[in-house]
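Enquirer: A predicted structure for the sequence below; I have some questions about it.
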2 protein chains.
Amino acid sequence: MRITKSEAAEILLAMDNILILAHENPDGDAVGSTCALCKGLRSIGKNAAVSLEKFSKNDEKLAEGLIATADFNYDHIIAVDTADNRIMGVGETSLNKNCEVELCIDHHISNIFYAKNTCLDEKAAAAGEVVYDILKEMNIEITKDIAECIYVAVATDTGCFRYSNTTAKTFRTAADMADLGADVAAINKIQFETKSKEYAAIEKMAISSMQLHFDGKCAILAITNEMYVESNVSDSETQPLASLPRQIEGVYAGITVKEKKKGMCRISVRTNAPVNASKIASYLGGGGHSMAAGCSFEGSVEDAVKTVLAYTEKELKESGLI
Amino acid sequence: MRITKSEAAEILLAMDNILILAHENPDGDAVGSTCALCKGLRSIGKNAAVSLEKFSKNDEKLAEGLIATADFNYDHIIAVDTADNRIMGVGETSLNKNCEVELCIDHHISNIFYAKNTCLDEKAAAAGEVVYDILKEMNIEITKDIAECIYVAVATDTGCFRYSNTTAKTFRTAADMADLGADVAAINKIQFETKSKEYAAIEKMAISSMQLHFDGKCAILAITNEMYVESNVSDSETQPLASLPRQIEGVYAGITVKEKKKGMCRISVRTNAPVNASKIASYLGGGGHSMAAGCSFEGSVEDAVKTVLAYTEKELKESGLI
């Protein structure tokens, strides 16, 4: 059932012994929004804990003392920022992805309503915005600690207020968090101004390998398995690389080919209108959105590059750009 | 004389035939705040125009139709975002830097009070924030056009809300501008998600040249005159390069050496506490702040690198880091 924020607040107020989950590979929004909720619930005397899969060390401070221990007894399961239970992260618990979720708090328009109750605000830039609204409905005092969780959620899911999901409400939420004591400068430095040595190493190799094609309308990055090995970077850390090729002026199709395992590549396609990323990816059995899509490719990096360039050329031609 | 925002509003309401200036090499805040003010003044029937030095093409749309023609007759000069008249930009006018400025609207704590009246809000992240407050005092309706100028001013001067000058008020100003119709997504894409081909080319060369020293506590970028020539980038465009070395985890001193002319280098020093950037720069006759400083160096890039590394080593040792 789809419920309002005030109904979600009522349900939460009536619960105790609460386990809070989020999606696999939890990002800043997943960690920030679950931790904000957990801290809020604890502040009014509830027994609550979060269970998350491995997340970035940038977010470790937020989750300090909140992770469910093996003997944590819960009566209710809540999922935050998780549109589909097939991507549910259950952490160290013995739960499986199909566990019964009593309340889902989310902002993804793609939510499949797997939970008993779903509080979905698809206009929110981050699940953290929705959690903030619900905590207010519960009359929970937003401490500095909670404010920092919500700020991380909102700032990371908008790429520090750069992405098109950023709204006036997002900025007001950030303003509230700053007023409530969130150390915005310190958080921004950690989240947006610091690269790990491993990431910096692979970024250097990736940028050196970047090539322009079709009169500069396509830029392509190829990351070989050797580069992964040499830089010692984890795959999850390499996500920001996909946004680099499209940033170059005049580029309509920015392609990133990553050879995760020898002979197995992942292709990311980022485009500017009128070029359709999803069309390029679909030629290779993938899909996504009009400006961001992806697919897998069995074969070498060289073959992946050659193949995706051919389909990109086709799409650039059909778009009348070359 | 230092005056309040409401006094500045009164002064502006009493004026007509107004020329608005900003500092040399005008950035997004200089262009955005002068243009917002000009549009606001015109909206209540005043004769006003701006005169600016060459600025980024990213900001061209903001200034459309506002630039003073050669025959523009003015009775009053206003300077925005300009702390010191020695850096005044007079554009195509026949004025000199010592022209009599009736009103200065600024946010730099270093303002030297050269103008007859100075409205200074040193807590504001951008001059655009101060202009916004003054326009409100004047009861001027903030149109979408004005809102976009103010948004550009605020967003660019905070590195899209990343820098430590970002406050709750900055976020609220951005929220107001989004509500007033500013196309935040489109502006962010132009300002923060697009690199010129020339910048992308020199960034690639610069990142390839980046080296770590002193157990990874110092990162250094060297940009030779040949790289400038090969990439065809303008010097003003290369400013963001200086922030790259310090972004690497574990780096306390991030150094950028740029050989602007053969045999003449500019060194930028960015540090994290406890390393003092200004101390390193001062050994070479430069100066600045504790975390951002700079100096000139007569000699080759190789000599500049060798020399600044020696002083960086000294400062890292004195800070107990190596």
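Expert: Sure thing, it's come through. Numbering: from 1, shown residues only, chains lettered A, B, ... in the order given.
Enquirer: By mean pLDDT, which helix or strand of chain A comes out lowest?
Expert: When the helices and strands of chain A are scored by mean pLDDT, DSSP states H and E, strand A:287-288 comes last with a mean of 84.
Enquirer: Can you list the helices and strands that that strand packs against?
Expert: helix A:277-282, strand A:292-298 (3 or more Cβ pairs under 8 Å, 6 or more residues apart in numbering or on different chains; DSSP states H and E). Any C-beta I mention is one placed from the backbone N, CA and C, and that applies to glycine too.
Enquirer: Is chain B within reach of the last one?
Expert: No: judged by Cβ under 8 Å from any Cβ of the partner chain, strand A:292-298 and chain B are separated, with a smallest distance of 12.9 Å.
Enquirer: before we move on, the earlier item: can you name the residues in contact with the least confident helix or strand of chain A?
Expert: Here strand A:287-288 makes contact (Cβ atoms under 8 Å, 6 or more residues apart in numbering or on different chains) with A:Val269, A:Ala277, A:Ser278, A:Ala281, A:Ala293, A:Gly294, A:Cys295.
Enquirer: Could you identify which of the residues you listed has the most neighbours?
Expert: Taking other Cβ atoms under 10 Å in any protein chain shown as the neighbour criterion, A:Val269 ranks highest of these with 32 neighbours.
Enquirer: hmm, back to that, okay, now the sheet partners of the least confident helix or strand of chain A, with direction.
Expert: Partners of strand A:287-288 in the sheet, by DSSP bridges, are strand A:292-298 (antiparallel).
Enquirer: Give me the residues contacting the partner strand.
Expert: Counting by Cβ under 8 Å, 6+ apart, A:257, A:263-271, A:277-278, A:280-282, A:284-288, A:303-304, A:307-308 sit against strand A:292-298.
Enquirer: In chain A, which helix is the longest?
Expert: helix A:301-318 (DSSP state H).
Enquirer: phi, psi of the residue lying closest to A:Lys217 once chain neighbours are set aside?
Expert: Excluding its sequence neighbours, the residue lying closest to A:Lys217 (Cβ to Cβ, 6 or more residues apart in numbering or on different chains) is A:Tyr252, at 4.9 Å. For A:Tyr252, the backbone dihedrals are phi -100, psi -30 (criterion: degrees, to the nearest 10).
Enquirer: Wait, A:Tyr252 touches A:Arg270, no?
Expert: No: the pair A:Tyr252 / A:Arg270 is not scored as a contact, 9.9 Å apart, by Cβ atoms under 8 Å.
Enquirer: burial of A:Asn17, as a residue count?
Expert: A:Asn17, neighbours per other Cβ under 10 Å, totals 13.
Enquirer: Could you do A:Glu122 as well?
Expert: 11.
Enquirer: That one should be in a strand, yeah?
Expert: No: remark: A:Glu122 does not belong to a strand; assigned using DSSP: H, G, I helix; E, B strand; the rest coil, it is coil.
Enquirer: So in terms of bridging, what pairs with A:Asn117?
Expert: Going by DSSP bridges, A:Asn117 forms beta bridges with A:Leu103.
Enquirer: contacting residues around it?
Expert: Taking Cβ under 8 Å, 6+ apart, one finds A:Met1, A:Arg2, A:Ile3, A:Glu7, A:Ala8, A:Ile11, A:Glu102, A:Leu103, A:Cys104 in contact with A:Asn117.
Enquirer: Quick check: the gap between the first one and A:Asp75.
Expert: Spelled out, it's A:Met1. 20 Å (Cβ to Cβ, to the nearest Å).
Enquirer: which one of those two has more residues nearby?
Expert: Taking other Cβ under 10 Å, A:Met1 and A:Asp75 do not tie; A:Asp75 has more neighbours (11 against 8).
Enquirer: could you list every residue that touches the more buried one?
Expert: Contacts of A:Asp75 by Cβ under 8 Å, 6+ apart are A:Met15, A:Asp16, A:Asn17, A:Ile18.
Enquirer: Quick check on those residues: which are buried?
Expert: Neighbour counting by 16 or more other Cβ atoms under 10 Å in any protein chain shown classes A:Met15, A:Ile18 among those as buried.
Enquirer: Which ones among the contacts of A:Asp75 lie within strands?
Expert: Assigned to strands by DSSP state E, the following of the contacts of A:Asp75 qualify: A:Ile18.
Enquirer: what's the closest of the contacts of A:Asp75 to chain B?
Expert: Distance to chain B across the contacts of A:Asp75 (Cβ to the nearest Cβ) is lowest for A:Ile18, with 31.0 Å.
Enquirer: Need the pLDDT of the closest one.
Expert: For A:Ile18, the pLDDT comes out at 98.
Enquirer: that older thread, with mean pLDDT and distance to B:Phe214 as added columns, please give the helices and strands packed on strand A:287-288 in CSV.
Expert: Compiled in CSV, the helices and strands packed on strand A:287-288 are given as follows (pLDDT from 0 to 100; distance: least, Cβ to Cβ, whole Å):
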stretch, mean pLDDT, distance to B:Phe214
helix A:277-282, 94, 43
strand A:292-298, 92, 40
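Enquirer: Tell me which of those lies nearest to A:Leu52.
Expert: strand A:292-298 (24.2 Å; Cβ to Cβ).
Enquirer: okay, that closest one in CSV with CA atoms only?
Expert: Only the C-alpha atoms of strand A:292-298 are listed here, as CSV (Å, rounded to 0.1, in the frame of the first residue of the first chain):
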residue,chain,number,x,y,z
ALA,A,292,22.7,7.1,-19.3
ALA,A,293,22.7,3.4,-20.2
GLY,A,294,24.9,0.4,-20.1
CYS,A,295,25.6,-3.2,-21.3
SER,A,296,27.9,-6.1,-20.9
PHE,A,297,30.2,-7.3,-23.6
GLU,A,298,32.0,-10.6,-23.8
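Enquirer: quick one, that strand and helix A:301-318 angle?
Expert: Using axes from the mean of the first three to the mean of the last three Cα atoms, to 10 degrees, the inter-axis angle of strand A:292-298 relative to helix A:301-318 is 140 degrees.
Enquirer: hang on, the earlier thing: redo the contacts of A:Asp75 as a markdown table? Include distance to B:Asn96.
Expert: Output for the contacts of A:Asp75, formatted as a markdown table (distance: Cβ to Cβ, whole Å):
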| residue | distance to B:Asn96 |
| --- | --- |
| A:Met15 | 72 |
| A:Asp16 | 74 |
| A:Asn17 | 75 |
| A:Ile18 | 70 |
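Enquirer: now, which of the contacts of A:Asp75 lie close to chain B?
Expert: Applying Cβ under 8 Å from any Cβ to these, none is adjacent to chain B.
Enquirer: A:Phe161: which of the contacts of A:Asp75 is nearest?
Expert: A:Ile18 (31.1 Å).
Enquirer: For the residue nearest to that closest one when sequence neighbours are not counted, which residues are in contact?
Expert: Take A:Ile18 and drop its neighbours on the chain: the residue closest to it by Cβ to Cβ, 6+ apart is A:Ala48, 4.3 Å away. By Cβ under 8 Å, 6+ apart, the contact set of A:Ala48 is A:Asn17, A:Ile18, A:Leu19, A:Ile20, A:Leu37, A:Cys38, A:Leu41, A:Arg42.
Enquirer: Next: A:Tyr252.
Expert: A:Lys217, A:Cys218, A:Thr271, A:Asn272, A:Pro274, A:Val275, A:Leu316, A:Ser319, A:Leu321.
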